[in-house]
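**Q** dropping a prediction and its sequence here:
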Amino acid sequence: MTKNRIFYGTGAAEGIPDPFCRCPVCENARKVGGKEIRHRTMFRVNEELCIDLGADAASQATVLGDLIGLHHVLYTHTHEDHFCPMMLQMRGMATHREEEPLHLYWTDRAYDIVPFLRNDTPVIKGNTRQLEEKGVIQFHQLHFGQETNIAGFRVLPLRGNHIGSLGENSANYLLTDANGKTLYYGLDTGWYLPDTFQALKGRHLDILITECTFGLTPNMDRHPDGHLHAFALVELLNVLRDQGTIDETTQVFATHICHWTSTHQQLVEYFKKQDLFCPLTVAWDGMQLPEDV
Ligand SMILES: [Zn+2]
Ligand SMILES: [Zn+2]
Ligand SMILES: [Zn+2]
């Protein structure tokens, strides 16, 4: 089974359906299933590399591909839908795991979670420091605006307008592969910060994966902090086009979608009506990006 460029989860923190929720979007998901079901967010770049390893990573791995050959995780921020400490313990419990440690990357102040984890003693057993000593995991710190080579990609973290559990700005990641193809992972992000717009000037994105957390929720800020909605996303695409970052060849994928207002189907219909200058796909769990992007 290929593990290239697959959405393991496309939901926000509560998933769809939120198991405790009776709202129309959650009830519709229970009835219709398929693309209406959204697990917590994770994107598998390839066998070796993924972005976030969240609350549903273990269960999704049984359906979409195991994590045996996974060696690198870029974390966007410390919110628990994107980071699940139990995943580190599960690697430690694997009796036939690969020898290479699982490299875990935190950007800027999100790295503050590492000393906290080292002193943490999970209820289940052992502690994170022992996992490091045994070579099960290894932590690394990345910095905004500094490019690093990871798993054959050049990785540039840019500052997101979204605050994580430790008060840190989220990291959005610009990945450039060996052929120069670029993928920007913009979640969680909200309306981009000025220095992020600036850093993306003069870059051309082949793929933009973007949050669309609040879907069709009306009457929100036009340029929201924290999370985007569909209306802000359409405007963001225009701004990115006007500054030369994206064009009609850029393929956009919307993900990290919450249950407030819109089903998958409604979002698809909304974007179709916008007659956008570039192709936009509302992503679903298990969706694989086309190989030619
Ligand atoms: Zn999130
Ligand atoms: Zn709901
Ligand atoms: Zn978040």
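**A** In hand now; what should we look at? Ligands and ions are numbered 1, 2, ... in the order given.
**Q** quick check on Phe139: phi, psi?
**A** Here is the backbone geometry of Phe139 (degrees, to the nearest 10): phi -90, psi 150.
**Q** hmm, it is touching Val114, no?
**A** Yes - taking contacts as Cβ atoms under 8 Å, Phe139 lies within contact range of Val114: 4.8 Å. The way it works is simple: take the backbone N, C-alpha and C, and place the C-beta from them, glycine included.
**Q** is it true that Gln265 lies in a helix?
**A** Yes - assessed with DSSP: H, G, I helix; E, B strand; the rest coil, Gln265 lies in a helix.
**Q** and the closest residue to ligand 3 within the stretch 151-293 of the chain, what element?
**A** Ligand 3 sits closest to Asp188 of the stretch 151-293 of the chain, with a gap of 3.9 Å, by Cβ to the ion. With elements taken from DSSP states H and E, nothing contains Asp188; it lies in neither a helix nor a strand.
**Q** gap between it and Gly152?
**A** 26 Å (Cβ to Cβ, to the nearest Å).
**Q** can you report how many residues lie near the residue lying closest to Val234 once chain neighbours are set aside?
**A** Using Cβ to Cβ, 6 or more residues apart in numbering and skipping the chain neighbours, the partner closest in space to Val234 is Gln274 (5.6 Å). Around Gln274 there are 13 other residues, counting by other Cβ atoms under 10 Å.
**Q** ok, the one 10 residues further on next?
**A** Here the count is done by other Cβ under 10 Å, and Trp284 has 18 residues near it.
**Q** overlap in contacts of Phe139 and Val114?
**A** Common neighbours of Phe139 and Val114, using Cβ atoms under 8 Å, 6 or more residues apart in numbering, are Trp106.
**Q** and Gly202, what pLDDT?
**A** Gly202 carries a pLDDT value of 87.
**Q** also Lys125?
**A** On the pLDDT scale, Lys125 gets 64.
**Q** related to what we said a few turns ago, looking at Asp188 and Gly152, which is more packed in?
**A** Neighbour count, other Cβ under 10 Å: between Asp188 and Gly152, Asp188 has more, with 27 against 13.
**Q** tell me how far the residue in the stretch 51-200 of the chain positioned nearest to ligand 2 lies from Val234.
**A** Nearest to ligand 2 in the stretch 51-200 of the chain, going by Cβ to the ion, is Asp81, at a distance of 15.1 Å. Separation of Asp81 from Val234 (Cβ to Cβ): 25 Å.
**Q** circling back to that earlier point, ok, the residue of the stretch 151-293 of the chain closest to ligand 3 touching Glu168?
**A** No - counting by Cβ under 8 Å, Asp188 sits too far from Glu168 to count as a contact (11.7 Å).
**Q** please name the residues that touch Gln251.
**A** Here Gln251 is in contact with Asp206, Ile207, Leu208, Cys278, Pro279, Thr281, Leu289, Pro290, Val293 (Cβ under 8 Å, 6+ apart).
**Q** up against ligand 1, what does the stretch 1-150 of the chain have?
**A** Asp81 (Cβ under 5 Å from the ion).
**Q** low-confidence regions, the stretch 51-200 of the chain specifically.
**A** Residues of the stretch 51-200 of the chain that meet the criterion pLDDT under 70 lie in 122-126.
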